[in-house]
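Colleague: Sequence first, predicted model second:
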Amino acid sequence: MIQLHNVSKTYQRGSLPVPVLRDVSLRIEKGEFVAIMGPSGSGKSTLLNILGCLDTADSGHYHLNGKIIQAASEDDLAAIRNRMLGFVFQSFNLIPRIDAERNVELPMMYAGVRPAIRLKRAQAALKIVGLAERAKHVPAHLSGGQQQRVAIARAIVNDPQIIIADEPTGALDSRASKDIMRLFQQLQHSGKTIVMVTHEDEIAHYAQRVIRVRDGSIVDTAPSAGT
């Protein structure tokens, strides 16, 4: 499903080049749930952005479901992000003025899905995450855990093969965090591939495998303590 080979990334800080990823190679199988961990500045977020086609590598090769990503145009990348990938962020990224149902519909609007179909799919996605009865509530009337469930419904509404999650429990209390991680496990059991960045060992235990990054390199990959 996902394969990186000798991927490197460098940013410019003024006139100074700052290497962020150094010859990173990894493979993630279809249906796998992987956690990426590392200290601040280790390169884990840059790695996640490259895997999610939000950033591009300076060198190396990225194959996503058989497609060579570095050969893709901007339009191709946008289509991949909309149809193959679903994104979940720490800050939820919901639009405050519209209700949960409309928030979930947004990716389908960008994909040109007809309104009647959008409504059915949004309702189905909210049912999967256990929020069918909160569909007409705006984010301010939902708890943090409920807002993240709406964000997950939005991420899965186009039936992506891969979910990219960046610190999905970082803004939640421990009870809501456990609920969200159980939901991710259910999605994985339904066939989704999940790649998650977290700084919490307790959260990483919900994944099947943990990839540890330090100073721009992968220093360890092993089954999680929870498997």
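Modeller: Arrived safely, thanks for sending. Given the structure is predicted, the values throughout are model-derived calculations rather than measurements. Residues are numbered from 1 along each chain as shown.
Colleague: Going by C-alpha atoms from here, please, whenever you check contacts or count neighbours.
Modeller: Noted.
Colleague: in the sheet, who's paired with His5?
Modeller: For His5, the beta-bridge partners are His61 (DSSP bridges).
Colleague: OK, contacts around it?
Modeller: 23-26, 60-62 (CA atoms under 8 Å, 6 or more residues apart in numbering).
Colleague: Which of these ranks first by neighbour count?
Modeller: Tyr62 (25 neighbours; other CA atoms under 10 Å).
Colleague: Look up how far Arg27 lies from it.
Modeller: The spacing between Tyr62 and Arg27, counted by CA to CA, to the nearest Å, is 10 Å.
Colleague: With respect to Cys53, which of the contacts of His5 is nearest?
Modeller: Distances from Cys53 to those, taken as CA to CA, are shortest for Tyr62 (9.8 Å).
Colleague: which residues sit in contact with the closest one?
Modeller: 2-5, 7, 68-70.
Colleague: Going by distance to Asp215, which of those residues wins?
Modeller: So of those, ranked by how close each gets to Asp215 (CA to CA), first place is Val7, at 13.9 Å.
Colleague: so the closest one sits right up against Pro19, yeah?
Modeller: No: the pair Val7 / Pro19 is not scored as a contact, 11.4 Å apart, by CA atoms under 8 Å.
Colleague: Compare neighbour counts for those two and give me the winner.
Modeller: Val7 (21 against 14).
Colleague: okay, the residue nearest the centre of the chain: pLDDT?
Modeller: By CA atoms, centre = their mean, the mean C-alpha position of the chain lies nearest to Ile164, the distance being 1.4 Å. We have a pLDDT of 97 for Ile164.
Colleague: after the helix or strand harbouring it comes which helix or strand?
Modeller: Here Ile164, judged by DSSP states H and E, is contained in strand 162-166. Using DSSP H and E, the helix or strand that follows strand 162-166 in sequence is helix 174-189.
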